[in-house]
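S.K.: I'll drop the sequence and a predicted model, then ask my questions.
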Protein chains: 2
Amino acid sequence: MVVKVYGDRLSQPSRAIIIFCKINGIEFEEIRTDILKNQHHSPEYKEINPMRQIPAIVDGDLKLFESHAILIYLSCAYPQVASTWYPDDVYKRAKIHSVLDWHHNFLRRGAAGFIFNTVLAPLSGIHSYPQVIIQVEEILLRSLSKLEHVWLKDGPFLAGNSQPSIADLLLACEIMQLELLSEKDRHRILSPYVKVVKWVEDTKSAVAPHFDEAHELLFESQKRFREQMATKAMKTQARSKM
Amino acid sequence: MVVKVYGDRLSQPSRAIIIFCKINGIEFEEIRTDILKNQHHSPEYKEINPMRQIPAIVDGDLKLFESHAILIYLSCAYPQVASTWYPDDVYKRAKIHSVLDWHHNFLRRGAAGFIFNTVLAPLSGIHSYPQVIIQVEEILLRSLSKLEHVWLKDGPFLAGNSQPSIADLLLACEIMQLELLSEKDRHRILSPYVKVVKWVEDTKSAVAPHFDEAHELLFESQKRFREQMATKAMKTQARSKM
């Protein structure tokens, strides 16, 4: 019996779960649930996750959604997972939970919100309000600053750890979503945070070659999205000159 | 040595931690960090929590923030806490994590967002955009529906449990924040969800008398806020007739 992983590699938490299973030798079957085709809204998928979100897993009788919960579960249920991923020590574990909770409320809101409002919404014909874009960019920049100055203050990995934990994997995959921006925007937003940039590289190396492999689809989409955004910008410019 | 709890009983996660310590006989010192007076932005508090948010705890050498992380830590570090609060069983624990993660992204965003934009922002002279209010109300209503039809489907407490867990306490305190709305709005939003209303009462009873005691400040504020909102509405009405 293998773990069934329902996800889409365009989604950052789906990639984190796939990388985690591969690096830890957890046998899994990846069931692509294409978000751009709304497959997470199918009646079959509702049986897996009534919240209709990806990722989700099925492991025997257990159906589980929410990526943090999934990685904690896999860390505890599969004995081959090294304890550095999710420490047994109550203090170290508390710090990992603290990072994970902070991720939900800040980095994820900022990064996913910014990508949605500046890339995915315009390309899908959904209107984004300028004040919303300003707000999510502020959250994103503040989150990157906290990553740099708080979470990466005491060591190469989050919360002062010397080895990556599930928090590093989840948050590094979140940062990778910024690859969907134009090169100029990505550079403007990310490059001031040198520790963050180095930490993403270190996390990537620690789980090589699975990180790059899981991100191939993202880079394919990057190319397509950047071309579409450039065409859109040219059209808007031409229209404003008419 | 007792746990120091930095919080403000106007904040829903602060109340959850206080109630949890009381019902489990964890000795603690409550250090009020008044959010309306911006005490969470003081240099002293930054040493406790560099994210400048409440609640936070100090337990010996450990400084910890994020309420979910705090309640998980207290459940594991204090042996007198019954395992029903945070089950040892890996499957049951996974479900609790799933509820807690869902809380961050849905119920909390909806409830706290709605209260901020319809009560706290107007009373503080902060402009709220109508489209933002529509969006957070939608998230709130969808979250209440998921609470009713998914999380409370299989038992009196969340995720099919017969006893309350830390998830029940945290989410019930979140719902209580809706007391800051006008009676009409609160009734309109909450009353269709009969299981949710009953579950809040059951959670309250399970931790009596600490739930009511921890919410006294909220009800005092409710009275004041409702009067202020009514005065504001009357002034707006009078101005529109001029």
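M.R.: Looks like it arrived, so ask away. Numbers count the residues shown, from 1 in each chain, chains lettered A, B, ... in the order given.
S.K.: burial measure for the closest residue to residue A:13 other than its chain neighbours, as a count.
M.R.: Ranked by CB to CB, 6 or more residues apart in numbering or on different chains and with sequence neighbours excluded, the top spatial neighbour of residue A:13 is residue A:67, at 3.3 Å. C-beta: built from backbone N, CA, C; applies to glycine. With neighbours defined by other CB atoms under 10 Å in any protein chain shown, the count for residue A:67 comes to 30.
S.K.: ditto for residue A:207
M.R.: By other CB under 10 Å, 21 other residues sit near residue A:207.
S.K.: From chain B, how far out is it?
M.R.: Shown here: residue A:207 relative to chain B, a distance of 22 Å by CB to the nearest CB, to the nearest Å.
S.K.: ok, now residue A:187?
M.R.: Between residue A:187 and chain B the distance is 27 Å, computed by CB to the nearest CB.
S.K.: where does that residue land in three-state SS?
M.R.: Each residue gets one of three states, and residue A:187 gets helix by DSSP: H, G, I helix; E, B strand; the rest coil.
S.K.: Which parts of chain A are helices?
M.R.: Counting by DSSP state H, the segments of chain A that form helices are A:12-23, A:43-48, A:67-77, A:90-105, A:107-115, A:121-123, A:130-146, A:166-176, A:183-190, A:194-206, A:210-214, A:216-241.
S.K.: which residues touch the first one?
M.R.: In this structure, residues lying in contact with helix A:12-23 by CB atoms under 8 Å, 6 or more residues apart in numbering or on different chains are A:3, A:5, A:7-9, A:26-28, A:30, A:54-55, A:57, A:67, A:70-71, A:74, A:85, A:112, A:166, A:169-170, A:173-174, A:176-177, A:207, A:210-211, A:213-215, A:218.
S.K.: Just the buried subset of the residues you listed, written out for PyMOL, thanks.
M.R.: Listed next is the PyMOL selection for buried residues among the contacts of helix A:12-23, using 16 or more other CB atoms under 10 Å in any protein chain shown:
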select buried, chain A and resi 3+5+7+8+9+26+28+30+54+55+57+67+70+71+74+85+112+166+169+170+173+174+176+177+207+210+211+214+215+218
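S.K.: circling back to that earlier point, using CSV, please lay out the helices of chain A together with distance to residue B:61 and mean pLDDT.
M.R.: Compiled in CSV, the helices of chain A are given as follows (distance: least, CB to CB, whole Å; pLDDT from 0 to 100):
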stretch, distance to residue B:61, mean pLDDT
helix A:12-23, 30, 98
helix A:43-48, 43, 95
helix A:67-77, 24, 98
helix A:90-105, 8, 97
helix A:107-115, 26, 96
helix A:121-123, 45, 90
helix A:130-146, 22, 94
helix A:166-176, 21, 98
helix A:183-190, 34, 96
helix A:194-206, 24, 98
helix A:210-214, 34, 98
helix A:216-241, 40, 87
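S.K.: does any part of stretch A:163-181 sit near chain B?
M.R.: No: using CB under 8 Å from any CB of the partner chain, we find that stretch A:163-181 stays clear of chain B, coming within 10.9 Å at best.
S.K.: In CSV, list the helices of chain A along with distance to residue B:129.
M.R.: Formatted as CSV, the entries for the helices of chain A read as follows, by distance: least, CB to CB, whole Å:
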stretch, distance to residue B:129
helix A:12-23, 28
helix A:43-48, 33
helix A:67-77, 30
helix A:90-105, 21
helix A:107-115, 15
helix A:121-123, 16
helix A:130-146, 6
helix A:166-176, 26
helix A:183-190, 24
helix A:194-206, 31
helix A:210-214, 37
helix A:216-241, 24
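S.K.: wait, which of those helices is closest to residue A:159?
M.R.: Taking CB to CB, helix A:90-105 is the member of those nearest to residue A:159, at 4.1 Å.
S.K.: So for that closest one, what gets flagged as buried?
M.R.: Taking 16+ other CB under 10 Å as the neighbour-count basis, helix A:90-105 is seen to contain the buried residues A:92-105.
S.K.: Can you pull the residues of chain A lying near chain B?
M.R.: By CB under 8 Å from any CB, the part of chain A that sits against chain B consists of A:50-51, A:62, A:64-70, A:72-73, A:76-77, A:90-91, A:93-95, A:97-98, A:100-102, A:104-105, A:108, A:129, A:131-132, A:146, A:149-150.
S.K.: quick one: residue A:171 and residue A:158 touch, right?
M.R.: Yes: contact between residue A:171 and residue A:158 holds when scored by CB atoms under 8 Å: they sit 6.7 Å apart.
S.K.: tell me, what's touching those two both at once?
M.R.: With contacts taken as CB under 8 Å, 6+ apart, residue A:171 and residue A:158 have A:99, A:147 as neighbours in common.
S.K.: Now do the same for the residue nearest to residue A:144 when sequence neighbours are not counted: its pLDDT.
M.R.: Distances taken as CB to CB, 6+ apart put residue A:193 closest to residue A:144, at 4.8 Å, once the chain neighbours are dropped. Per-residue confidence for residue A:193 comes out at a pLDDT of 98.
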